[in-house]
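Q: Here you go, sequence then predicted model.
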Amino acid sequence: LAAVAQAIVVIGGGIDLSIGSMMALTSVVAATAMTGQNEQTGVVVVLGVLLLGLVLGGINGALVVSTRVPDIVVTLAMSFVWAGFALLVRAAPSGEAAQWLKDLAVGPLGNQWVPKAAVVMLLIVAIVWIPVARSKLGLSIYAIGSNSLAAFRSGVPVGRTKFLAYALTGLFAALAGLSLTASTGIGTPVPGPYTLESVAAVVLGGVSLAGGRGG
């Protein structure tokens, strides 16, 4: 899920070095909000955390577009901001996840060779990213990643597309953070190696760091 988050913004010609920190923040927010709550409240918390991910990604995108500072600088700076907020929410790994959320990510599905987590991940990618990639927004993301000037001259709203690409990246980072909470049962405020691993994963997966190519 972190790799999908990174792939979206890299295809659009950018990079996000704050994915690990957004995962940490959404993980601890989810675990904190779910502590001592019933299963129905857990559903509301999950939806709220997904909205939070959109907001975090949107803030990154808005800063990139409005300041025109290189993506790598903005997102590196914001990674410290989001990591700091995560430590303010939880100074150490703690909290708890709703049982239904843990059941989604832990254990096999049907037989021991099919893990639930892999099925859930594939469903999320199929439901969210595939339709987006084939939509006008998806084509615009590929266009600005390939050549932003040519895209602009063709009528593509470059600024808005970049903003939405980062918002989608934040959404998938939130999903990745929720998956951490689901698999461990607690919230973890430490970003971990996920940012670097997401970059490595998209390169190995065929996404061009120059943008415009891959999936």
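A: Cool, got the structure.

Q: going forward, measure contacts and count neighbours with C-alpha atoms only.
A: Noted.

Q: Lowest mean pLDDT among the helices and strands, pick that one out for this structure.
A: strand 108-109 (a mean of 80; mean pLDDT, DSSP states H and E).

Q: So for residue 191, what pLDDT did the model give?
A: Note on residue 191: pLDDT of 86.

Q: so what's residue 146 up against?
A: 12, 13, 210, 211, 212, 213 (C-alpha atoms under 8 Å, 6 or more residues apart in numbering).

Q: er, residue 199 actually
A: When contacts are taken as C-alpha under 8 Å, 6+ apart, residue 199 is in contact with 3, 6, 7.

Q: Spit out the contact partners of the last one.
A: If a contact means C-alpha under 8 Å, 6+ apart, then residue 7 has 199, 202, 207, 214, 215 as its contacts.

Q: Which ones among these map onto helices?
A: 199, 202 (DSSP state H).

Q: Would you check the contacts of residue 7 and say which has the weakest pLDDT?
A: Scoring the contacts of residue 7 by pLDDT puts residue 215 last, at 82.

Q: So that one sits against residue 206, correct?
A: Yes - Residue 215 is in contact with residue 206 according to C-alpha atoms under 8 Å; the separation is 7.4 Å.

Q: quick revisit: buried subset of the contacts of residue 146 as a PyMOL selection?
A: Remark: buried members of the contacts of residue 146, expressed as a PyMOL selection using 16 or more other C-alpha atoms under 10 Å:
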select buried, resi 12+13+211+212+213
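
Q: Turn the contacts of residue 146 into a markdown table, including pLDDT and secondary structure.
A: What follows is the contacts of residue 146, written out as a markdown table (pLDDT from 0 to 100; DSSP: H, G, I helix; E, B strand; the rest coil):
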| residue | pLDDT | secondary structure |
| --- | --- | --- |
| 12 | 93 | coil |
| 13 | 92 | coil |
| 210 | 89 | coil |
| 211 | 87 | coil |
| 212 | 87 | coil |
| 213 | 89 | coil |
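
Q: any chance of the contacts of residue 146 in a markdown table, with distance to residue 24 too?
A: Formatted as a markdown table, those follow (distance: C-alpha to C-alpha, whole Å):
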| residue | distance to residue 24 |
| --- | --- |
| 12 | 24 |
| 13 | 25 |
| 210 | 28 |
| 211 | 26 |
| 212 | 29 |
| 213 | 29 |
